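K.L.:
sequence unavailable; structure follows:
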């Protein structure tokens, strides 16, 4: 299965929409450098959300874009929810990540939830651990099951 990176998103604070970046560095066993969620102390180092999930919210009338759900990497062409925990992926030419969690518990209602009465990230986002780091940028290919 193959897909691509639609957007790379970063924020130095938690609980806010992430801003698109030209590129970012994924550090081994840490996450996205400069992002508030990066840490070697937990398994949710980098978050991914499919563009297809964002389009569901757009179809409900929301004006949302990649990064608005606080995902680090917006993907296209991969059904992220069908990837079991433990699935490995290659992003670009050398980044290796492993799925560690599918979805999350949303303890507080985010800005998107308050606008729409729903948010896709807790149900459709996935979280990966960085096994081998490198630069990630828009347009990079993602290969599943390496």
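P.N.:
Thanks, I have the structure now. What you see is a predicted model, and the numbers here were worked out from it, not measured in a lab. Numbers count the residues shown, from 1 in each chain.
K.L.:
residue nearest the centroid of the protein?
P.N.:
For the chain, the residue nearest the mean C-alpha position is residue 48 (1.8 Å; C-alpha atoms, centre = their mean).
K.L.:
now that one, which residues is it bridged with?
P.N.:
residue 73, residue 126 (DSSP bridges).
K.L.:
show me where the chain has helices.
P.N.:
Taking DSSP state H as the test, the helices found in the chain are 51-59, 111-116, 121-124.
K.L.:
worst mean pLDDT among these?
P.N.:
Ranked by mean pLDDT, these bottom out at helix 111-116, which scores a mean of 56.
K.L.:
quick one: low-confidence parts of this structure?
P.N.:
104-122, 146 (pLDDT under 70).
K.L.:
show me where this protein has strands.
P.N.:
Secondary structure of the chain by DSSP state E: the strands cover 2-10, 19-21, 23-27, 31-32, 46-50, 73-76, 88-91, 95-102, 126-132, 134-137, 141-144.
K.L.:
buried deepest among these, which one?
P.N.:
Highest mean neighbour count of the strands of the chain: strand 31-32, a mean of 27 (counted as mean count of other C-beta atoms under 10 Å). Heads up, the C-betas are built off the backbone N, CA and C, glycines and all.
K.L.:
show me the contact partners of that one.
P.N.:
By C-beta atoms under 8 Å, 6 or more residues apart in numbering, the list of residues contacting strand 31-32 from outside reads 10, 24, 25, 26, 37, 38, 39, 45, 46, 72, 130.
K.L.:
ok, the closest residue to residue 124 other than its chain neighbours to residue 34 distance?
P.N.:
Leaving aside its chain neighbours, residue 124 sits nearest to residue 53 (4.3 Å; criterion: C-beta to C-beta, 6 or more residues apart in numbering). Distance, residue 53 to residue 34, by C-beta to C-beta, to the nearest Å: 24 Å.
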